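> just the structure for this:
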Amino acid sequence: MNVNGNEVVRVARESGAENGYARRVNAASRARLMREERIARARVVWENRRTLAWSTLCGFVLSILVALILPKGFEATAKLMPPESGSSGGAALVAALASRGTGMLGGMAGDLLGVKGNGPVFVEILESRTVADRLIEEFQLSKEYRTTKIEYTRKQLEAHTKITEDRKSGVITITVTDREPYRAAAMAQAFVGELDRLVSQLSTSSARRERIFLEERLTTVKSDLDDAATKFSEFASKNTAIDIPAQGKAMVEAAAVLQGQLIAAEAEASGLEKIYTVNNVRVKALQARIGELRQQLQKLGGSTSPAEVRNDNSLYPSIRKLPLLGVTYADLYRRTRIEETVYELLTQQYELAKVQEAKEIPNVKVLDGAVVPSVKSSPHRVVLTLCGTALVICGTVAWILLRKKWAEIDPTDPGRLLAEEMAKSVAITARRFAVVGAAMFGVVLGVSRNWRSVPGAPTGKCDVASNITSTSL
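Below is the predicted model:
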């Protein structure tokens, strides 16, 4: 049994060694064949080195021409400081973590605490359709990008604009590319201005809501105050009621003085009448004075007769009218004072709300303003030239190898025959389309020239195109 077992092991070892040797031989053979194939391909390319050289030269020249023909592009960049978040304890913790250099930890803490910065909001505002439409209208980008629809213009503006936010620092970068350096800088600065305007306009803070409410209340109270002041002034002007309490006091004092003078004049007249006759000059003068004093007292006191009240043309209201006027005067005066007080208080609260709103609205702080670039950013002519030349070289090498492979195929091979038939059919179709296109272009060009030569013919593109279409039909 042991002898048979050892024999089996020996045979297995010998067969394994033979298999390993065979694998090594096969690997060496495959490597030799691959090397021969590479050498054969290199020989084919070397034999067509003149073609490769001419193709490389033509590709190099063509790449240089393309690089020179492409329009220049200038980049203007504006950088914004990270917008300030709320001043809560969570925001302070996030700021502290960020200041220690743990930006990822600060961002995770902000997400866990519910404290999120305004940076993504700023980026979304800058990429919004509202901002794009404002810039398109301001700089007439539809004409510049040669687009007929606003949607295409927005896509072109998006392709010429790059807005990014640094995850660690929070700095927002706005980069605008344009053929004109001055316009590129102006557009980048316009993005910043539109952001500042929209942030102030779209703020949803409590201070903003309070300010809007106070503005509405101020408008209403101002209208009520103007109405009360108008009624009060009309009443005071109509009744000569400047200050009823002061007027009443002054008129009572004046009536008391007149009454005292009247009593003294009557006493003096009674004494003179005992000495002189009624026709005496002094008695008559004193009687006239007494009559004037009584008339003045009557004017101050007023009359109860309706006819006399209607014919009363005195400058100031009488004492009898003062109590009646005082009620209306006091009511109008009180209403005016109340409206003035409410208006003053609302004005103070409105100013405080504006200050608080300014504190709560995220402020757009410019780190680097957009400046006019002096160096073009594109095209990279050296890179374009090298890439174009390399592409021509690779294409030429592939064409040489494919041509060699094609030549090695049997002319009677069905696959080759099918490919040649398809190539001939495509070439014939292409020639037909080329002839038809040239004919149509000649017809359109001739009709347009004849149409323009006709006096009074429309010159608009739509009219000319419609007439060309009808003529062709």
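> residue 332 is in contact with residue 228, correct?
Yes - assessed by C-beta atoms under 8 Å, residue 228 is found in contact with residue 332 at 6.9 Å. No exception for glycine: its C-beta is placed from N, CA and C like everyone else's.
> run a quick neighbour tally on residue 290.
Per other C-beta atoms under 10 Å, the neighbour tally for residue 290 reads 18.
> quick check: it touching residue 269?
Yes - in this structure, residue 290 is within contact of residue 269 by C-beta under 8 Å, at 6.1 Å.
> pull out the buried positions in stretch 141-159.
Counting neighbours by 16 or more other C-beta atoms under 10 Å, one finds that the buried residues in stretch 141-159 are 141-142, 144-145, 147, 153-154, 156-157.
> can you show me the strands along this structure?
74-80, 161-165, 172-178, 366-368 (DSSP state E).
> in the stretch 201-350 of the chain, where is pLDDT below threshold?
203-206, 235-259, 262, 271-272, 276, 278, 296-330 (pLDDT under 70).
> where exactly do the helices run in it?
206-239, 244-275, 281-301, 306-310, 322-360 (DSSP state H, counting those that start in this stretch).
> check which helices and strands the last one is in contact with.
Contacts of helix 322-360 with other secondary structure elements, assessed using 3 or more C-beta pairs under 8 Å, 6 or more residues apart in numbering; DSSP states H and E, are made with helix 206-239, helix 244-275.
> and that helix with helix 206-239, angle?
160 degrees (axes from the mean of the first three to the mean of the last three C-alpha atoms, to 10 degrees).
> next one: the third one
Here the directions of helix 281-301 and helix 206-239 differ by 150 degrees (the same axes, to 10 degrees).
> CA atoms only: put helix 281-301 into PDB for me.
Only the C-alpha atoms of helix 281-301 are listed here, as PDB (Å, rounded to 0.1, in the frame of the first residue of the first chain):
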ATOM      1  CA  VAL A 281     -70.900 169.100  27.600                       C
ATOM      2  CA  ARG A 282     -69.300 167.100  30.400                       C
ATOM      3  CA  VAL A 283     -72.600 165.300  31.100                       C
ATOM      4  CA  LYS A 284     -73.000 164.500  27.400                       C
ATOM      5  CA  ALA A 285     -69.500 163.200  27.100                       C
ATOM      6  CA  LEU A 286     -69.900 161.000  30.100                       C
ATOM      7  CA  GLN A 287     -73.200 159.700  28.900                       C
ATOM      8  CA  ALA A 288     -71.600 158.800  25.500                       C
ATOM      9  CA  ARG A 289     -68.800 157.000  27.300                       C
ATOM     10  CA  ILE A 290     -71.300 155.000  29.400                       C
ATOM     11  CA  GLY A 291     -73.200 154.000  26.200                       C
ATOM     12  CA  GLU A 292     -70.000 152.800  24.600                       C
ATOM     13  CA  LEU A 293     -69.000 150.800  27.700                       C
ATOM     14  CA  ARG A 294     -72.400 149.100  27.800                       C
ATOM     15  CA  GLN A 295     -72.100 148.300  24.100                       C
ATOM     16  CA  GLN A 296     -68.700 146.700  24.600                       C
ATOM     17  CA  LEU A 297     -70.000 144.700  27.500                       C
ATOM     18  CA  GLN A 298     -72.900 143.500  25.400                       C
ATOM     19  CA  LYS A 299     -70.500 142.400  22.700                       C
ATOM     20  CA  LEU A 300     -68.400 140.500  25.200                       C
ATOM     21  CA  GLY A 301     -71.400 138.900  26.800                       C
END
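> quick one: residue 337 and residue 214, what's the gap?
With the distance defined as C-beta to C-beta, to the nearest Å, residue 337 ends up 21 Å from residue 214.
> my bad, should have said residue 124
Counting by C-beta to C-beta - residue 124 and residue 214 are separated by 30 Å.
> same thing with residue 411?
Distance from residue 411 to residue 214, by C-beta to C-beta: 94 Å.
> ok, the two, which is more surrounded?
Comparing residue 411 with residue 214 by other C-beta under 10 Å, the one with more neighbours is residue 214, at 20 against 8.
> which residue, other than its chain neighbours, is closest to the more buried one?
residue 350 (4.3 Å; C-beta to C-beta, 6 or more residues apart in numbering).
> count of neighbours near that neighbour?
Quick note: residue 350 (other C-beta under 10 Å) scores 17 neighbours.
> my guess is it contacts residue 216. True?
No - the criterion here is C-beta under 8 Å, and residue 350 misses it with residue 216 at 10.5 Å.
> quickly list what residue 75 is bridged to.
Residue 75 has these beta-bridge partners by DSSP bridges: residue 177.
> mind checking pLDDT for it?
Residue 75 is assigned 91 on the pLDDT scale.
> wait, what's in contact with it?
175-177, 184, 373, 377 (C-beta atoms under 8 Å, 6 or more residues apart in numbering).
> what about 6 Å?
175, 177, 373, 377 (C-beta atoms under 6 Å, 6 or more residues apart in numbering).
> do the same with residue 124
Per C-beta under 6 Å, 6+ apart, neighbours of residue 124: none.
> repeat for residue 368
residue 79.
> sketch out the low-pLDDT regions of the stretch 51-200 of the chain for me.
84-118.
> helices of that one, start to end?
89-99, 103-113, 119-126, 129-139, 141-145, 150-159, 181-201.
> identify the residues contacting the longest one?
Residues lying outside helix 181-201 but in contact with it, judged by C-beta under 6 Å, 6+ apart, are 74, 76, 78, 125-126, 131, 134-135, 174, 176, 178, 361-362, 364, 370, 372-373.
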